[in-house]
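Student: can't give you the sequence, but here's the structure:
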């Protein structure tokens, strides 16, 4: 892997968390001959968009149950989340889990196909035993995020009971 023992080179590398007044922050520390160089690790998506996501959700009274600055768990009855993804363009991926413990069946795929055909922007699919839905919002259009979060949550509340014959609601 190219790493060398400190005894061999006199050089050490440590990756971890450094406590600071403003809060702990991830860093890489390089140490040699009594000198230490700390390189702060940054998350570009968090630096670029997290404050704006927090701002638009708060301004529209959308309650956040938890966040790490990259992903937001929206308070409410369904597992609705917003997660930032890097790309061209950067997007906020709004997703929900409608059902868990789902078995594949022709009938289920028929229902999901009908939901996708009837929806103009929310997509539904089966993944790892769960029925999921999602919409991507370009980060340059985050002013639309509260409406999209509400639409995804409302669709989950509407369609989960209809699809409940195929699995259990979250």
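Tutor: Structure received. All values derive from a computational prediction rather than experimental measurement.

Student: any idea how far residue 79 is from residue 12?
Tutor: Using CB to CB, to the nearest Å, we find residue 79 at a distance of 42 Å from residue 12. In short, each C-beta sits where N, CA and C put it, glycine included.

Student: Counting neighbours, show which residues of the longest helix along the chain come out buried.
Tutor: As assigned by DSSP state H, the longest helix anywhere in the chain is helix 145-163. Of all the residues in helix 145-163, those buried under the rule 16 or more other CB atoms under 10 Å are 145-146, 148-153, 155-157, 159-160, 163.

Student: Same check on stretch 92-103?
Tutor: Result for stretch 92-103 [16+ other CB under 10 Å]: buried residues 92, 94-99, 102.

Student: residues contacting the residue most central in space within the chain?
Tutor: Geometric centre of the chain, nearest residue: residue 83, 2.7 Å, by CA atoms, centre = their mean. By CB atoms under 8 Å, 6 or more residues apart in numbering, residue 83 lies in contact with 70-72, 92-93, 95.

Student: burial count for residue 32?
Tutor: Using other CB atoms under 10 Å, residue 32 has 13 other residues around it.

Student: partner residues bridging it?
Tutor: residue 11, residue 35 (DSSP bridges).

Student: And for residue 83?
Tutor: Judged by DSSP bridges, the bridge partners of residue 83 are residue 71, residue 93.

Student: how close does it get to residue 93?
Tutor: Separation of residue 83 from residue 93 (CB to CB): 5 Å.

Student: for the host helix or strand of residue 51, packing partners?
Tutor: Assessed by DSSP states H and E, residue 51 sits inside helix 51-59. Other elements packing on helix 51-59 under the criterion 3 or more CB pairs under 8 Å, 6 or more residues apart in numbering; DSSP states H and E are strand 64-67, strand 79-85, helix 145-163.
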